[in-house]
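In: Okay, sequence plus prediction incoming.
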Amino acid sequence: MYKLEIAFLKALKEQNKEKAINNLDAIFETLINKKDFGPRGLKNQLLTMNGMLYRSFRNELQDLDDIYEIRQEVIKVIEKAQSFEEIREAGYVMLNNYLELFSSKTMNSNNIAVNRALHYMNSNIHENITLGDVANEVHISKSYLSSLLAKHTKSTFPEIMNGLRIDNAKYLLRYTNISILDISFKCGFNSQSYFCSTFKKQTGYTPSEYRVMILED
């Protein structure tokens, strides 16, 4: 039973609803098939699991008010149930409530991590920073940061960095008289030729052509 409970908790944290339902159903079937096991015993098992979920999610999400409200709501639903089928439905309510909470908090946390990463990248476009540098700054792994950036921006880390650098180069070309060579280094490019080729790839113009074009506007 303990292994099924841990598997259920793991599935919830992975936001794998189908797997969580399968584990919960396995727990139900194991208990219902026990000799002399009545509705009260099944309700007690769900109450125990509710407490386990509450403690685990409280430690991870650190949002005591929302988690406490869910725990109390689930207790009421469980105690109100009478038949095995009603108790099973109460278990699904418990599953959905905790899953929705974890999904919403995780999404908010991910958005914060992405915003912090983009801010750090934009503030350090003149440096030769790596994905690992940014991951260390926002305190997550490189692989997880890479997946978050891809999900939220539809771009890879190098593509994002080049985009930020080119945007900054456009500003310098428009509002300053800094030479193209100096702009390339100020924007984090190791050579003027690489800067020019990247700039043209993204804008369709060389830096010189872009500067002339905006001056004519």
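Out: The structure has been received and is ready for your questions.

In: need the contact list for residue 93.
Out: By C-beta atoms under 8 Å, 6 or more residues apart in numbering, the contact list for residue 93 reads 74, 77. No exception for glycine: its C-beta is placed from N, CA and C like everyone else's.

In: and it, what element?
Out: Secondary structure assignment for residue 93, by DSSP states H and E: helix 84-123.

In: starting at the chain centroid, how far to that helix?
Out: Using C-alpha atoms, centre = their mean, to the nearest Å, we find the averaged C-alpha position of helix 84-123 to lie 9 Å away from the chain's own average C-alpha position.

In: Give me the mean pLDDT for it.
Out: Averaged over helix 84-123, pLDDT sits at 84.

In: C-terminal to that helix, which secondary structure element comes first?
Out: Downstream of helix 84-123, the next assigned helix or strand under DSSP H and E is helix 131-138.

In: for that next one, packing partners?
Out: Other elements packing on helix 131-138 under the criterion 3 or more C-beta pairs under 8 Å, 6 or more residues apart in numbering; DSSP states H and E are helix 84-123, helix 142-153.

In: which parts of whatever helix or strand residue 75 lives in are buried?
Out: Using DSSP H and E, the secondary-structure element containing residue 75 is helix 64-80. For helix 64-80, the buried set under the neighbour-count rule, 16 or more other C-beta atoms under 10 Å, comprises 67, 70, 71, 74, 75, 77, 78.

In: Kindly report the same for stretch 5-20.
Out: Under 16+ other C-beta under 10 Å, the buried positions of stretch 5-20 are 5, 7, 8, 9, 11, 12, 13, 20.

In: Run the chain-centre distance for that stretch.
Out: Counting by C-alpha atoms, centre = their mean, stretch 5-20 comes out at 17 Å from the chain centroid.

In: Show me the domain layout of this structure.
Out: Taking automatic domain parsing as the reference, the chain has its domains at 2-106, 124-217.

In: Now render the ones you listed as TSV, adding distance to residue 115.
Out: Rendered in TSV, the data for the domains of the chain read as follows (distance: least, C-beta to C-beta, whole Å):
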stretch	distance to residue 115
domain 2-106	15
domain 124-217	9
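
In: Please name whichever of those is nearest to residue 113.
Out: With C-beta to C-beta as the measure, domain 124-217 is the member of those nearest residue 113 (5.1 Å).

In: which stretches of the chain aren't confidently modelled?
Out: Low-confidence segments of the chain, defined by pLDDT under 70, span residues 1, 59-64, 106-109, 216-217.

In: If we use 80, what do you get?
Out: Low-confidence segments of the chain, defined by pLDDT under 80: 1-2, 13-14, 35-36, 56-66, 102-112, 215-217.

In: Check the spacing between the closest residue to residue 126 other than its chain neighbours and residue 74 real quick.
Out: If you skip the residues right next to it in sequence, residue 126 has residue 188 as its closest partner in space, 5.0 Å away by C-beta to C-beta, 6 or more residues apart in numbering. With the distance defined as C-beta to C-beta, to the nearest Å, residue 188 ends up 51 Å from residue 74.

In: okay if I get the helices and strands packed on helix 131-138 as CSV plus distance to residue 175?
Out: As requested, the helices and strands packed on helix 131-138 are arranged in CSV below (distance: least, C-beta to C-beta, whole Å):
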stretch, distance to residue 175
helix 84-123, 17
helix 142-153, 26
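
In: For residue 36, find the nearest of these.
Out: helix 84-123 (14.0 Å).
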